[in-house]
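Novice: I need the structure of the sequence given here:
(3 chains)
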Amino acid sequence: MRSKRLNSVFYGRDAADLARDLIGTILVRRVGSKELRARIVETEAYVGEHDLACHAARGRTARTEVMFGPGGHAYVYFIYGMYDMFNVVSGPAGDAQAVLIRAAEALGWNADLSGPGKLTRAMRITRAHNGVDLTGDKLFFLGNPGRRPRIVKAKRIGVDYAKHWKHALLRFVDGDSPALSRPVT
DNA sequence: GCGTCGATGGCA
DNA sequence: GCCATCGACGCG
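Specialist: Numbering: from 1, shown residues only, chains lettered A, B, ... in the order given. I've put the predicted structure just below:
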């Protein structure tokens, strides 16, 4: 079954909706003459400047600049001295929301994509991709070609500093996937 | 199987 | 000093 490339209308919605709807979609990464594909199984929504877990909560800075732009662009940042995190900017320009891509299943190649740092390393996504248009040819998503996944909501990982926002159920997983970064408990 | 900890560098 | 992580290590 052939699926359509996700477009700016899809990305222009709230991060929580986008995070949920990205589960089951296919991430395509073209590098040289190769094409790496992966089925998204885990995401997290960071819903704007009022969300204390969202990087944009600390204002507009050089790092968070792309989050304040229009949806459908990559926000890639470097953390812990060795990992790049891949996010999809969500919502309209001026509304700093994004979806962190946390885990996926490799399609047609062998890789462990069960974590945000593992996923970017294996798919060769780096800070060089910060700001790239996800409706372009190097990095994009295809709509879910299969059956509707069983979506499970949970608390986001690693945001205990975020006061009451740490309890928000903004992590979305495919409840039937064996490739999650962590169990949902 | 579990919890703890070090690596490693950009950021505010 | 902290961090939207990962993998190695020690346990018993």
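Novice: can you give me the pLDDT of the residue of chain A found nearest DNA strand B?
Specialist: Using CB to the nearest atom of the strand, the single residue of chain A nearest to DNA strand B is A:Gly81, 2.4 Å away. The C-beta positions use only the backbone N, C-alpha and C, and glycine is treated the same way. The predicted local confidence for A:Gly81 comes out at a pLDDT of 97.
Novice: how far away is it from A:Asp112?
Specialist: Between A:Gly81 and A:Asp112 the computed distance is 21 Å (CB to CB, to the nearest Å).
Novice: those two: who's more crowded?
Specialist: Between A:Gly81 and A:Asp112, counting by other CB atoms under 10 Å, A:Asp112 is the more crowded of the two (13 against 5).
Novice: now for that one: which residues touch it?
Specialist: For A:Asp112, the contacting residues are A:Lys118, A:Ala122, A:Ala179, taking CB atoms under 8 Å, 6 or more residues apart in numbering as the criterion.
Novice: from the residues you listed, which land in helices?
Specialist: A:Lys118, A:Ala122 (DSSP state H).
Novice: nearest to A:Glu35, of the contacts of A:Asp112?
Specialist: Each of the contacts of A:Asp112 was scored against A:Glu35 by CB to CB, and A:Ala122 proved nearest at 13.7 Å.
Novice: can you get me a residue count around the closest one?
Specialist: For A:Ala122, the neighbour count with other CB under 10 Å is 19.
Novice: list the contacts for it?
Specialist: Contact analysis of A:Ala122 by CB under 8 Å, 6+ apart lists A:Leu36, A:Ala106, A:Ala111, A:Asp112, A:Leu113.
Novice: cool, A:Ala104 as well?
Specialist: Here A:Ala104 is in contact with A:Leu27, A:Ala38, A:Arg39, A:Ile40, A:Val41, A:Glu42, A:Leu113, A:Leu119, A:Ala179 (CB under 8 Å, 6+ apart).
Novice: pick the one among those residues closest to DNA strand C.
Specialist: Comparing those against DNA strand C with CB to the nearest atom of the strand places A:Leu119 closest, at 6.7 Å.
Novice: ok, for the residue of chain A at minimum distance from DNA strand C, nearest residue in space, not its chain neighbours?
Specialist: With distances taken as CB to the nearest atom of the strand, chain A approaches DNA strand C most closely at A:Gly115, which sits 2.2 Å away. Beyond its immediate neighbours in the sequence, the residue positioned closest to A:Gly115 (CB to CB, 6 or more residues apart in numbering) is A:Ser181, lying 4.2 Å away.
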